[in-house]
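Student: Here is my input, please return the structure:
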Amino acid sequence: MKSFFTIAFCLTLTITQAQYFIPAMDNSEIGMSKEAYVVTNAGDTVRGRVLSAMIMSGQLRSFTIKDADDNKQKFKSTDVKLLAVKPSKLSNISSAMSVPNLSRAMEVDFSDIIDREWVYFEQALLPKKKDKYVMMQLLNPGYDSKIKVYLDPNANQTMNVSAGGLNLAGGEDKSYLVVYDGNKSEVYKKSGYKKDALEKLYKNCPVFTENYEGEKFKWSNFAEHIYVYDQLCN
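Tutor: So this is what the prediction gives:
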């Protein structure tokens, strides 16, 4: 009974906190950022704002920072552990409008996107490649203590259904890169998600699996599942 009320409470919180992953920023949005800071591999922190950035296939390859002394510093992704960017209000509004489809948009509290303070790019170990790190945007900041979710550079999207220029359904990524507890990333796909997630990703949390295994486990609720796991299982 206790576990039922606990998970019910967490599900209530997802109404405003985690119905979606943070939309990915593009090159121009990073360039519009108000401020940023970089943590290098040596542990140094550089603060300033991003002048330019190169993102390819969801991976941040390089960027240039103008620091507090108006010096320009260019970084390759291999030089840094973290880039944190404070989006402009315009960038946040643009991201809010990029929610994949109308049915998802009706569920989202857009103030959570518009008021987001920081967007993070981190080093993550690619699947199936020995010690190959790339810098990618964290899609679940704030509920990422065990599980981190990033764009899959090779992800396809569900087919769009539109009317009058408005996207009514579809446009959702069919896969994501998922890092559990700092390990090598794995690809989680829409196809086979229920089996893979319950038997592997969430298997060490009985209260989670007990409450979800009998329900229709939907890929569209992936962000919700990550949030509930973060709240109940750490």
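
Student: what's the neighbour count on the residue lying closest to Lys189 once chain neighbours are set aside?
Tutor: Excluding its sequence neighbours, the residue lying closest to Lys189 (CB to CB, 6 or more residues apart in numbering) is Ser175, at 4.4 Å. Just so you know, the C-beta spots here come from the backbone N, C-alpha and C atoms, and that holds for glycine as well. For Ser175, the neighbour count with other CB atoms under 10 Å is 19.

Student: and if you look at the one 10 residues further on?
Tutor: The number of residues packed near Ser185 is 23, by other CB under 10 Å.

Student: Surely it is in contact with Pro153?
Tutor: No. With contacts counted by CB atoms under 8 Å, Ser185 stays clear of Pro153, the gap being 10.9 Å.

Student: just the helices in this structure please.
Tutor: In the chain, the helices defined using DSSP state H lie at 2-17, 27-31, 89-97, 102-105, 110-114, 193-196, 206-212, 222-232.

Student: hey, which strand is longest across the protein?
Tutor: In the chain, assigned by DSSP state E, the strand with the most residues is strand 45-56.

Student: Show me what counts as buried in that strand.
Tutor: Applying a neighbour-count criterion of 16 or more other CB atoms under 10 Å, one finds 46, 48-51, 53, 55 buried in strand 45-56.

Student: low-scoring stretches of this protein, by residue?
Tutor: Counting by pLDDT under 70, the chain contains low-confidence residues at 1-19, 88-116, 129, 155-172, 215.

Student: center of it - which residue?
Tutor: In the chain, the residue lying closest to the centroid (CA atoms, centre = their mean) is Leu139, at 0.7 Å.

Student: Count residues in the vicinity of the closest residue in space to that residue that isn't next to it in sequence, would you?
Tutor: Spatial nearest neighbour of Leu139, excluding adjacent residues (CB to CB, 6+ apart): Phe21 at 3.7 Å. Phe21 has 19 neighbours, counted by other CB under 10 Å.

Student: Same question for Thr78.
Tutor: Thr78 sits with 12 neighbouring residues when counted by other CB under 10 Å.

Student: which ones are touching it?
Tutor: Listed by CB atoms under 8 Å, 6 or more residues apart in numbering, the contact partners of Thr78 are Tyr133.

Student: Look up how far Val39 lies from it.
Tutor: Noted for Thr78: a distance of 14 Å to Val39, by CB to CB, to the nearest Å.

Student: and what of Gln231?
Tutor: Gln231 is 27 Å from Val39, by CB to CB.

Student: Neighbour count for those two, which is higher?
Tutor: Taking neighbours as other CB under 10 Å, Gln231 and Val39 compare with Gln231 leading, 20 against 15.

Student: Just to check, that one is in contact with Tyr143?
Tutor: Yes. Between Gln231 and Tyr143 a contact is recorded at 7.2 Å, counting by CB under 8 Å.
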